[in-house]
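Participant: whatever this is, show me its structure:
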Amino acid sequence: MTKRIALSSDHAAIDLRQTIANHIAAKGYEAVDIGPTTPESTHYPIHGKAAADMVAKGDCDLGIILCGTGQGIMMAANKVDGIRCGVCSDTFSAAMIRQHNNANMLSIGARVVGEGVALEIVDAFLDAEFEGGRHATRVDMIEG
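Facilitator: Below is the predicted model:
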């Protein structure tokens, strides 16, 4: 079964988001790109919450969100019950948030990393699996 990945961003990250959507689609994932599509200034909390809602409701398996730094949109996503989103600017952190924190969303700063690094971060996130064990106890504490 093909994993569905929700993608959203603010105006600062439209191009990188669309590049990521094409990249993950080429890898066999279903990219559910919910926009925006025009460069007018927009509010990242709206877009972070929209993608997080799709993941929390089970409409998508995972989510990838972007804004200028990745920080604001990540904060908005984490307000949604059941979401564990981390902002990453390196591949090690992207793999670890899946392996140790069972993150179901990834946030990237489009003004922080270049396209090549961003695609490597996405791959590290999508290729990693939750390890469970002692990490499950800690994730339960986050959810608590």
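Participant: poorly predicted segments of this protein, please.
Facilitator: Residue ranges of the chain with pLDDT under 70: 144.
Participant: one more pass at 80, please.
Facilitator: Low-confidence segments of the chain (pLDDT under 80): 1, 143-144.
Participant: next, count neighbours for Val55.
Facilitator: Residues near Val55, counting by other Cβ atoms under 10 Å, number 24. For glycine as for every other residue, the C-beta is placed from the backbone atoms N, C-alpha and C.
Participant: quick one: the helices in the chain?
Facilitator: Along the chain, counting by DSSP state H, helices occupy 14-26, 44-56, 71-77, 91-99, 115-127, 134-143.
Participant: to Leu7, which of those lies closest?
Facilitator: Nearest to Leu7, of all the helices of the chain, is helix 14-26, at 5.3 Å by Cβ to Cβ.
Participant: can you pull the contacts of Pro45?
Facilitator: Gly72, Ile73, Met75, Ala76 (Cβ atoms under 8 Å, 6 or more residues apart in numbering).
Participant: let me redo that: Met54
Facilitator: Ala6, Val32, Ile34, Cys60, Gly63.
Participant: repeat that with 7 Å
Facilitator: Residues in contact with Met54 (Cβ atoms under 7 Å, 6 or more residues apart in numbering) are Ala6, Val32, Cys60, Gly63.
Participant: ok, how many other residues are close to the third one?
Facilitator: Meaning Cys60. Number of residues near Cys60 (other Cβ under 10 Å) recorded here: 24.
Participant: right, and it touches Ile5 too?
Facilitator: Yes: with contacts counted by Cβ atoms under 7 Å, Cys60 reaches Ile5, the gap being 6.2 Å.
Participant: what is in contact with those two at once?
Facilitator: With Cβ under 7 Å, 6+ apart as the test, Cys60 and Ile5 both reach Val32.
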